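Undergrad: what would the 3D arrangement of this be:
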Amino acid sequence: MRLIIDTDPGIDDALALLYALASPEARIEAITTVAGNVNAVKTTRNAQHVLRHAGVANPPPVIRGCGEPLRRQPVYAEHVHGEDGLAGQWDGGEHAYGEGAVDEILRLARAYPGEITLLALGPLTNVACALAADAAAFALLREVVVMGGVLQPPGNITPVAEFNFHADPHAARDVLRSPVPLTIVPLDLTRQALLSREMLDAWLEGCAAPRARFVAALCHQYFRFYASMHGREFCYLHDPLATAIALEPALAVTGTLRLEIETEGEMAAGMVVRDLRPGRQTGREVRVVRECRMAEFFERFRARVLNGPGSGREE
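TA: Okay, the predicted model is just below:
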């Protein structure tokens, strides 16, 4: 599967990148970055930092994208991911990267018509800008898979909204209305991908892979955040689950729902609105992942993120 990963690392984004880079199903053509969990400078250097830990032989290019949402002030999540966005693991080194993520998404769509899956793990600003810049080229994408939204509140940033959609609700609305095949992996499902401290500690026992320490440091920051709210150490694997489903759709069960995105309001911005009224046509019908074989996902996560050899692009 030819893949563009549009992301805002972020801890779970970093884990998702490690998962994808160790997946034999994936040929990652590019990693594009966007402001989200932290600003775009940090998300870009964090993506490069993850590539170093992945140890890929021929790593995909990292290309910086949009630094601000379409129509609102940025919303960040340093309180979750750490000031650097990577649980304090950024080494302070300089990393080389390109700029022009929107152009790269469109270039790859044109180069491989009907072959590119765009996996969006952060706010949808880059994706919406690519759609606005060249809708015909955007339509050449095979599919867009989005980690975002919550169907049944609560949200994780407001009472009714999930972070990625809240951070740029206008972009989420525009992408949701596009004609490209779209699959949403919502918070309702990703909250079932719960990694406990006890589970991770058991996995790490006897694990000699060098990047295991990196993964442990990322997860421990996550554990501290969730423990401060819930009194126990665990974290949700939002983006790794969306990545697994994008790569292996057979892991999941999907259904179709007619959805729209609310763009206004301090708390309502990014809210997913379902029109359940018989005969009404509000919103667009999209695929929504309802279930996933979680045991198989966790087996793959452990093997690929902690132990799996890195994989890059074949020449």
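Undergrad: distance of the most far-flung residue of the chain relative to its centre from residue 291?
TA: Relative to the centre of the chain, and counting by C-alpha atoms, centre = their mean, the farthest-placed residue is residue 279 at 33.6 Å. For residue 279, the distance to residue 291 equals 28 Å [C-beta to C-beta, to the nearest Å]. To be clear about C-beta, it is placed using only N, CA and C from the backbone, and glycine gets the same treatment.
Undergrad: can you pull out the low-pLDDT segments for the protein?
TA: 93-96, 308-315 (pLDDT under 70).
Undergrad: tell me where it has helices.
TA: 11-21, 40-54, 78-81, 101-111, 125-133, 135-138, 163-167, 169-176, 187-190, 197-204, 211-230, 238-247, 294-301 (DSSP state H).
Undergrad: bridge partners for the nearest residue to residue 246 once chain neighbours are set aside, pull those for me.
TA: Leaving out its chain neighbours, the residue that sits closest to residue 246 by C-beta to C-beta, 6 or more residues apart in numbering is residue 145, at 4.1 Å. Beta-bridge partners for residue 145, by DSSP bridges, are residue 119, residue 183.
Undergrad: now do the contacts for residue 145.
TA: 117-120, 182-183, 185, 242, 245-246 (C-beta atoms under 8 Å, 6 or more residues apart in numbering).
Undergrad: quick one: those as CSV, columns for neighbour count and distance to residue 163 too.
TA: Below are the contacts of residue 145 laid out as CSV (neighbours: other C-beta atoms under 10 Å; distance: C-beta to C-beta, whole Å):
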residue, neighbour count, distance to residue 163
117, 21, 22
118, 28, 19
119, 29, 17
120, 32, 13
182, 22, 19
183, 20, 19
185, 30, 14
242, 30, 13
245, 23, 19
246, 31, 19
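Undergrad: now, which of the residues you listed sits nearest residue 168?
TA: residue 120 (10.9 Å; C-beta to C-beta).
Undergrad: next one: the closest one from residue 183, what distance?
TA: 10 Å.
Undergrad: most centrally placed residue in this protein?
TA: Geometric middle of the chain (C-alpha atoms, centre = their mean) lands on residue 121, at 1.7 Å.
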